[in-house]
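Engineer: What follows is a predicted protein model with its sequence.
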Amino acid sequence: MAFFWPLTWIGGRLYRVPVLGKFLVFLTSPLFSPKKQHLTYVPIHHDIQGVGSTYLPRKILEELIQRSSHRAIIHHCTCRLERGCANHPTELGCMLMGDDAAEIDENIARQVSVEEALEHLDSCLDAGLIPCVGRAPIDNLIYGVKNRGRLLTTCYCCTCCCTILSSGRYLPDAVHASLVPLPGLKIETSVEDCTACGACVERCFMGALTLEDGVLVRDPVRCKACGLCVSACPTGANREIVDDVEGAIGNLLKRIERFVDFE
């Protein structure tokens, strides 16, 4: 895995190379197609409008942790470890949940209780890492677990090292379609507050934002509602809105259950 992982940092860009890109799409589509992979970024911000004092990321992930039959925490984040991350601790690794999480080798991950899992969650959120939750078949391959549809992945990503956050904009449509925004969450931009500085455009890992004649334009297809544009905006022009918190959580859980039996 240590040998393979560095290749993923440039893998996204290789999709754009003529001939080779088409071959890569054919080769990887069985793992990354929307029919098999389903991942959602959960914004880490406290000030989501419509939520009030509820900390949305923790509420969603706490529900998943408490409902899971098993929980395992990877000893080190592979992305941060292999890239020598200087901004976030490498020990804040991914959390895998569900029946198949019990089979992961102890040299790769440690089995934890609900309380330990929640403590790990809080450490990751406090560190400013962005949770990404859902079904990722490649994890079965990487961690040596037979794919029975009972493994739920929760990654805690940093923008400096995460493979997807580094190359998402280069992914083919068939792959980036498997990255699904949190249902019920909207990101809106205040025209009055936006200064067209371009900070959010540069920060968007999907290339969903552009400036056209001094006006910020958001591509609703490519936007994954990860919240990076909100944290990047110096004037607070970008805002996250959730009208129904419980509805958003319930909708996400239903989507996840279509792909993985994590209880």
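Structural biologist: Received it, and whenever you're ready, just let me know what you need. Numbers count the residues shown, from 1 in each chain.
Engineer: Select the longest helix from this protein.
Structural biologist: For the chain, the longest helix by residue count, based on DSSP state H, is helix 245-259.
Engineer: CA-only coordinates of it, as PDB, when you get a sec.
Structural biologist: The C-alpha coordinates for helix 245-259 follow below in PDB (Å, rounded to 0.1, in the frame of the first residue of the first chain):
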ATOM      1  CA  VAL A 245     -31.600  18.800  10.200                       C
ATOM      2  CA  GLU A 246     -33.400  15.600  11.200                       C
ATOM      3  CA  GLY A 247     -34.600  15.200   7.600                       C
ATOM      4  CA  ALA A 248     -31.000  15.600   6.200                       C
ATOM      5  CA  ILE A 249     -29.700  13.000   8.600                       C
ATOM      6  CA  GLY A 250     -32.500  10.500   7.800                       C
ATOM      7  CA  ASN A 251     -32.000  11.000   4.100                       C
ATOM      8  CA  LEU A 252     -28.300  10.400   4.300                       C
ATOM      9  CA  LEU A 253     -28.800   7.300   6.300                       C
ATOM     10  CA  LYS A 254     -31.300   5.900   3.800                       C
ATOM     11  CA  ARG A 255     -28.800   6.600   1.000                       C
ATOM     12  CA  ILE A 256     -26.000   4.800   2.800                       C
ATOM     13  CA  GLU A 257     -28.200   1.800   3.600                       C
ATOM     14  CA  ARG A 258     -28.800   1.300  -0.100                       C
ATOM     15  CA  PHE A 259     -25.000   0.600  -0.500                       C
END
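Engineer: What average pLDDT does it get?
Structural biologist: In this model, helix 245-259 has an average pLDDT of 77.
Engineer: Could you check that helix and say which residues are buried?
Structural biologist: If you call a residue buried by 16 or more other Cβ atoms under 10 Å, then helix 245-259 has these buried ones: 245, 248-249, 252, 255-256, 259. For glycine as for every other residue, the C-beta is placed from the backbone atoms N, C-alpha and C.
Engineer: can you check stretch 73-90 too?
Structural biologist: 73-74, 76-83, 85, 88, 90.
Engineer: Give me the distance between the two termini of it.
Structural biologist: 12 Å (Cα to Cα, to the nearest Å).
Engineer: Once you drop chain neighbours, what's closest to Arg83?
Structural biologist: Cys161 (4.5 Å; Cβ to Cβ, 6 or more residues apart in numbering).
Engineer: Could you break this structure into its assigned domains?
Structural biologist: 5-42+52-183+243-259, 185-242 (automatic domain parsing).
Engineer: Just give me the lowest mean pLDDT stretch among the ones you listed.
Structural biologist: Set side by side, the domains of the chain give their lowest mean pLDDT on domain 5-42+52-183+243-259, at a mean of 81.
Engineer: Measure how far that one is from the centre of its chain, please.
Structural biologist: Its chain's C-alpha centre and that of domain 5-42+52-183+243-259 lie 6 Å apart, by Cα atoms, centre = their mean, to the nearest Å.
Engineer: swap in stretch 198-210?
Structural biologist: The answer for stretch 198-210 is 17 Å, by Cα atoms, centre = their mean.
Engineer: mind putting the buried residues of stretch 73-90 in CSV, secondary structure and distance to Glu188 included?
Structural biologist: Converted to CSV, the buried residues of stretch 73-90 look like this (DSSP: H, G, I helix; E, B strand; the rest coil; distance: Cβ to Cβ, whole Å):
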residue, secondary structure, distance to Glu188
Ile73, strand, 35
Ile74, strand, 35
His76, coil, 37
Cys77, coil, 32
Thr78, helix, 35
Cys79, helix, 31
Arg80, helix, 32
Leu81, helix, 37
Glu82, helix, 37
Arg83, helix, 33
Cys85, coil, 32
His88, coil, 29
Thr90, coil, 36
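Engineer: hmm, back to that, how about CSV for the buried residues of helix 245-259, with distance to Val112 added?
Structural biologist: Shown next, in CSV, are the buried residues of helix 245-259 (distance: Cβ to Cβ, whole Å):
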residue, distance to Val112
Val245, 27
Ala248, 26
Ile249, 22
Leu252, 22
Arg255, 25
Ile256, 20
Phe259, 23
